[in-house]
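Visitor: Need coordinates for the below:
(2 chains)
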Amino acid sequence: MIAPLTGPSNRTRLPVLLLATLLVACAPEAPPAAEPDPGPAPGTLEPEPADDPPPAADDPDETPPKPVLEPEAEPDPEPDEPAAACPTPPRMRRLNRREYLATIADLFPGVPLPRLDVAPDPRDVFDNDADALAPSALLVDQYAQAALDISAGIEQHIDLLVQCDHADPWCPRDFIDTFGRRIYRRPIDDAEHEFLLGLYFDWGEGDFVLGIQAMVQAMLQSPTFLYRIEDAGPCHALTPYETATRLSYALWGTMPDDALLDAARDGDLDTGPGLRHAVVRMAEDPRFEERWVDFFRQWMDLDRLERAAKAPEDGFDEAARSSYRAEMEDFARQLLHREGTLTDLLTSRVARVDARMAALYGVDPPPAGETAVVELPRGREGFLNRGAFLAARAHPFETSPILRGVFVLERLLCIELGEQPADSLGDEAPREAEGRPLTTRERTEAITGRQPCSGCHSLINPIGFAFEHFDTLGRTRYTDLGQRIDPRGHLPDGRPFGESVELAELLAADEAVAECFARHWLRYLLGDADAARDPELIAAATARDAFGRIELSRMVWSIVLHPRFARNLTSEADR
Amino acid sequence: MSRRTRRFVMDRRQALRAMGLAGAGAMGCGLALPRLAAAQAGRSPRRVVFVLAELGWVADTLRMRPPDAPPEFGRYAGPWFADPVAMGLPDEDAYTLDLAGMGHGDLSPALAPLAGHSGRLTVLDGLGLHSAGAGSVVDAHRIGHAVAISGGAGGFDRRNNGLPSLDQRMATRLRVLEPRLTDLAALSFTVLPEMGRFGQVGPNYDFRFLDNGVGGGVPVPGETRVDAALARLAPGTVAPRYGRLKAMRTDVLDALSFEYTRIAGRVGAEDRARLELHRDLLRDLAARDAALGDSVCAVPEGVGQPNAGDAAARYEATSRSFADLIAMAFSCDIARVASIQFADPPTTLFGAGGDLDSGYAHPAGPDYQRNGVGGDRAAAVEVMTRHMQWHAQQIALLADRLAAMPEGDGTVLDHTAIVWVNEMTHGNHEFDQWPVVMVGDLGGAFRAGRYIRFAQDTPTVFGRDRQFCGVPHTRLLESLWAGMELGPIEFAARTVPGVVRTGPFEGMRRDVVLGGTLDALMA
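Guide: As a prediction, the model looks like this:
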């Protein structure tokens, strides 16, 4: 057992402490406020102690982690000046299904809401890519139905929504200002005020509630609500309210709360300290933890587990899928709470397992119905060598070096493989040769070894073969159809490895992996695949600390606190 | 079993006015609203239903034998289809069989459930999904989905497809010709299990695409809930619950379009197009509210959100309810085009367990002996045959419904074509030898009651074992368009480069013309 992980958890507190440490380091004017860092404990997600052990964060003689913040940026005096390189071009993003439902729930606290049908969104790695979130007739219909249902539902709970005296003639205007700021995520402008008030008077003359319902129906279908619109300009500095919205959907997946909107109103988000304060508060919120886990869920494509079919005798049922998924989601949480690094992601052997996963890994099972944090045997380093990754990328009756290799290339090395040649679809591999059955490796080589397949598969296969000593369920195996497993391979640049653990270690030290991982985080936080390539943001996110580590939570803070993300300020504007 | 109907006559005067009716008589089959446009034109409107199935066909139990084939090969093709050339059997020539009058035992097993409609049955055997040749994505399933009823290149990406799908193009054109029609002119349903193998069948594996305004298409998610579809088609069933709020909704929708226009002026071109699309969809919705009002369309008994039974029972009940809603919408002339996507049906529907794609569809492919179950291809063929039969049963049920509704001097089915397609030919992920099964002659536009095997003389785009295949499936799409009398249509690419893959003509390139109709089909 790994004692430090089974003791009282400092979950949530640690990442916040780390962030606080980071922020203090980044803000010279702020007093040192970080609590002593308990330091890495044996068995945690920290890397093994090096010859020169990492100093404690409270050691005044040691350099704290390298600041990731750019110098504080003052508000851009000419925010609409076009710049040569716009870091994250302002654009419009429809709320995706999850954002929409979360925002509705936040808008109407205490109001019993009906079940809302909203069509799921297309997904290409993540479910929030602006490009993919087009409107459809069904969605528009569903939004209208939801607006109708909600407006009907607030009738009996109008006092939860409207605090002013209904008889006060200014009350409708007050409602527009207060509720409007929340639903539009910024103050209502004059045109919107006029539009909404017009609806109120059309319907609310003599019936205050009906007038409110009309305005709520309209606001719930307004482009300003359904779309996050960052206004104008080829390279426009975000307004404070746009900053609040960008941060909120990035870190919480929902609308900004009143405190964040107040911070925007007061200009706090224009300053480095104010921005940091807001982000620290958001990091303490459980919604951030859920968002963090969701990133890994989507990046690892854990949903593949739900549709991964196995042989009937393998018993890969819902309970099994749940165990595989739970282990990986907990792994993601530990990366947050234990200051996990990129190296940990790829090489840690710490896992929380239930009886099923314990059996898979050959460790002592916890008591029935419980889970336990354990150190897995060698060979199970990092997420690539765990059940969830391996089972999700395997066929029912045989492994899939191709699926496994493609993941590593695309999601860890950001190598775009391009298109599968059309005339390669459906090719069939030989099942035997020279009187003996061919192994999966041999069959894969046979079917992909010729043109036009071999171009991409010369990259895919050597990586995918590294995992051949795991079967379709992720169990360790030593032979394939009676033949000895050959897990040797090489990276695209030719560096060889003996098997998957060596591969993971090579990846952990590879700058390209760090950059790729940061690009995925930026894409997720921004909701825009095309904009997730900003070199300055990537550089900030992949800066190693004094000990050569890349802490993953720090990567996120580096992005969201950066003026290029938080305010869309160009380098020139920064200066 | 006879099905009773009940009426929801909420505001007949308003509905009649909205539909442009002055004094309409009651329809047959207990349905309340006659089809005015048809009456004005002097004949019934034509309609198309696309049945969108997945994972391919099994030729062994679908294909009918050539008329001169040796009798020992049975009435349908039988196992020799897997490799007819190797067995010395002809496979290149066109042939036609008369299906009219064939009974359950005469048709191939896959087609047998349609025996009751054999006179209206048309099977097109051996088309090619040539437009998929310009595809740019890895997933053959996705290419097939994107191409099957769009005729576009399989270039689906996050942003759009190569072309809008035919159902959406038809609806757009119909609304130009008949402005009375609303955005419900095309219905899009998806029958979805609780958790599908593809997980996101709706959004990522979609057959249907709406014109994005710049020549491509954005995915059209299908309605998956019966109760929501019912509320949309028969708003009178839910209107009393909301009273004035329902009228408010139409007012709000009207007002909002100005908001969208105002905001659209402040964003970039791409975003502006999206907001304008959203605005147009809002206008459609408002127009529909005004047109339908409190619908007087009769709702067939038993239509509702299925909650009882296991996943398979609920899946099938959803399918049947959607069929009823299509019949209802046709009878009231709310819709002219409809589609049902059968996404990842539970394997238990076909008397099997496990995963349909890897467990049965792949092994049932002619030479796809993968995944260690290849030794029992016969078992896989049996399950996939039941898979086809189940789809045929759903089509037969819909055809029965339409045939039971008198219209003019015939029935609604007489003016309808039900078109059953698949995203690929079979478990090998092939796009040639593509079959289509149709019921109905689309108001006499087609010569139905025949099995049509197309000559295999068009260069293939996909496929490695054959030099040639049949004509492009886009000609079927154009035939359907022509049958609907919608004027000219063009596909984004007029030709695709066909390539002979093997044999003495290997490497020969010959452009394949996508346009034109299927002469063999047209009346």
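
Visitor: Going by residue numbers, what spans are helices in the stretch 451-575 of chain A?
Guide: Applying DSSP state H, counting those that start in this stretch to the stretch 451-575 of chain A gives helices spanning A:454-464, A:500-508, A:511-526, A:535-541, A:552-560, A:563-566, A:571-574.

Visitor: between the second one and helix A:454-464, how many degrees?
Guide: Okay, so that is helix A:500-508. Calculated by axes from the mean of the first three to the mean of the last three C-alpha atoms, to 10 degrees, helix A:500-508 forms an angle of 110 degrees with helix A:454-464.

Visitor: Let me see the mean pLDDT of helix A:500-508.
Guide: The predicted model assigns helix A:500-508 a mean pLDDT of 98.

Visitor: which secondary structure elements does it contact?
Guide: helix A:342-347 (3 or more C-beta pairs under 8 Å, 6 or more residues apart in numbering or on different chains; DSSP states H and E). Yep, even glycine has a C-beta here, placed from its N, CA and C like the rest.

Visitor: what's the following helix or strand after the helix it packs on?
Guide: strand A:350-353 (DSSP states H and E).

Visitor: Which residue ranges of the stretch 201-350 of chain B form helices?
Guide: Under DSSP H, counting those that start in this stretch, the stretch 201-350 of chain B gives helices at B:201-204, B:226-233, B:239-242, B:244-264, B:269-292, B:311-331.

Visitor: Using TSV, lay out those helices together with distance to B:Arg65, mean pLDDT and mean neighbour count.
Guide: Below are these laid out as TSV (distance: least, C-beta to C-beta, whole Å; pLDDT from 0 to 100; neighbours: other C-beta atoms under 10 Å in any protein chain shown):
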stretch	distance to B:Arg65	mean pLDDT	mean neighbour count
helix B:201-204	35	46	22
helix B:226-233	40	89	20
helix B:239-242	55	62	14
helix B:244-264	57	88	20
helix B:269-292	48	88	20
helix B:311-331	31	94	23
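
Visitor: Can you lay out these as CSV showing distance to chain A?
Guide: Output for the helices of the stretch 201-350 of chain B, formatted as CSV (distance: least, C-beta to the nearest C-beta, whole Å):
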stretch, distance to chain A
helix B:201-204, 4
helix B:226-233, 6
helix B:239-242, 6
helix B:244-264, 4
helix B:269-292, 4
helix B:311-331, 12
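
Visitor: can I assume B:Ile418 sits in a strand?
Guide: Yes - assessed by DSSP: H, G, I helix; E, B strand; the rest coil, B:Ile418 belongs to a strand.

Visitor: check contacts around it.
Guide: Shown in contact with B:Ile418 (C-beta atoms under 8 Å, 6 or more residues apart in numbering or on different chains): B:48-49, B:51, B:395, B:398-399, B:402, B:438-440.

Visitor: How about B:Asp432, nearest residue that isn't a chain neighbour?
Guide: Leaving aside its chain neighbours, B:Asp432 sits nearest to B:Cys469 (3.6 Å; criterion: C-beta to C-beta, 6 or more residues apart in numbering or on different chains).

Visitor: How many neighbouring residues does the residue of chain A found nearest chain B have?
Guide: When scored by C-beta to the nearest C-beta, chain A has A:Ala309 as its residue closest to chain B, at 3.0 Å. If you count neighbours by other C-beta atoms under 10 Å in any protein chain shown, A:Ala309 ends up with 21.

Visitor: sorry, back to before: now render the helices of the stretch 451-575 of chain A as TSV, adding mean neighbour count.
Guide: TSV is the format used below for the helices of the stretch 451-575 of chain A (neighbours: other C-beta atoms under 10 Å in any protein chain shown):
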stretch	mean neighbour count
helix A:454-464	21
helix A:500-508	22
helix A:511-526	22
helix A:535-541	20
helix A:552-560	25
helix A:563-566	25
helix A:571-574	17
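
Visitor: With distance to A:Glu192 as extra columns, can I get those helices in a markdown table?
Guide: What follows is these, written out as a markdown table (distance: least, C-beta to C-beta, whole Å):
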| stretch | distance to A:Glu192 |
| --- | --- |
| helix A:454-464 | 51 |
| helix A:500-508 | 50 |
| helix A:511-526 | 26 |
| helix A:535-541 | 33 |
| helix A:552-560 | 29 |
| helix A:563-566 | 26 |
| helix A:571-574 | 29 |
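
Visitor: so which of these gets nearest B:Arg175?
Guide: Closest approach to B:Arg175 among the helices of the stretch 451-575 of chain A is made by helix A:511-526 (37.9 Å; C-beta to C-beta).

Visitor: ok, the closest one near chain B or not?
Guide: No - contact of helix A:511-526 with chain B is not found when judged by C-beta under 8 Å from any C-beta of the partner chain; the minimum separation is 12.0 Å.

Visitor: quick check: angle from that helix to helix A:552-560?
Guide: Using the same axes, to 10 degrees: helix A:511-526 against helix A:552-560 is 60 degrees.

Visitor: Near chain B, which residues of the stretch 1-150 of chain A are found?
Guide: A:91-92, A:94, A:117, A:119-124, A:129, A:131-132, A:134-142, A:144-145, A:147-148.

Visitor: and the residue nearest to B:Asp432, how many neighbours does it have?
Guide: B:Cys469, neighbours per other C-beta under 10 Å, totals 29.

Visitor: Residues touching the helix or strand where A:Tyr249 lies, excluding its own?
Guide: Secondary structure from DSSP H and E places A:Tyr249 in helix A:240-251. Residues outside helix A:240-251 that contact it (C-beta under 8 Å, 6+ apart) are A:90, A:99, A:128, A:185-187, A:228, A:230-231, A:238, A:254-257, A:260-261, A:263-265, A:267-270, A:275, A:278-279, A:282-283, A:285, A:287-288, A:291, A:525-527, A:560, A:565-567.

Visitor: Which helix or strand lies directly C-terminal to it?
Guide: Per DSSP H and E, the helix or strand that comes after helix A:240-251 is helix A:258-265.

Visitor: Helix A:240-251 and that following helix, what's the angle between them?
Guide: Angle, helix A:258-265 to helix A:240-251, by the same axes, to 10 degrees: 140 degrees.

Visitor: Could you list every helix and strand that the helix or strand just after helix A:258-265 packs against?
Guide: Once the chain leaves helix A:258-265, the next helix or strand it forms, by DSSP H and E, is helix A:272-284. Judged by 3+ C-beta pairs under 8 Å, 6+ apart, helix A:272-284 is in contact with helix A:13-26, helix A:240-251, helix A:258-265, helix A:552-560.

Visitor: Confirm B:Leu124 sits in a helix?
Guide: No - using three-state DSSP, the assignment for B:Leu124 is strand, not a helix.

Visitor: Not counting sequence-adjacent ones, nearest residue to it?
Guide: Leaving aside its chain neighbours, B:Leu124 sits nearest to B:Val436 (4.3 Å; criterion: C-beta to C-beta, 6+ apart).

Visitor: That neighbour belongs to a strand?
Guide: Yes - assessed by three-state DSSP, B:Val436 belongs to a strand.

Visitor: which residue packs closest to the residue of chain B at minimum distance from chain A, ignoring adjacent ones?
Guide: Distances between chain B and chain A by C-beta to the nearest C-beta are smallest at B:Asp355, namely 3.0 Å. Distances taken as C-beta to C-beta, 6+ apart place A:Ala309 nearest to B:Asp355, at 3.0 Å, with adjacent residues excluded.

Visitor: Do you know the pLDDT at the one you found?
Guide: For A:Ala309, pLDDT reads 74.

Visitor: mind checking the SS state of it?
Guide: coil.

Visitor: these two touch, right, it and B:Ala361?
Guide: No - the criterion here is C-beta atoms under 8 Å, and A:Ala309 misses it with B:Ala361 at 11.5 Å.

Visitor: Could I get the contacting residues of the residue nearest to B:Ser321 when sequence neighbours are not counted?
Guide: Nearest residue to B:Ser321 in three dimensions, chain neighbours excluded: B:Val226, at 4.3 Å (C-beta to C-beta, 6+ apart). B:Val226 sits next to B:303-306, B:318, B:321-322, B:325 when contact means C-beta under 8 Å, 6+ apart.
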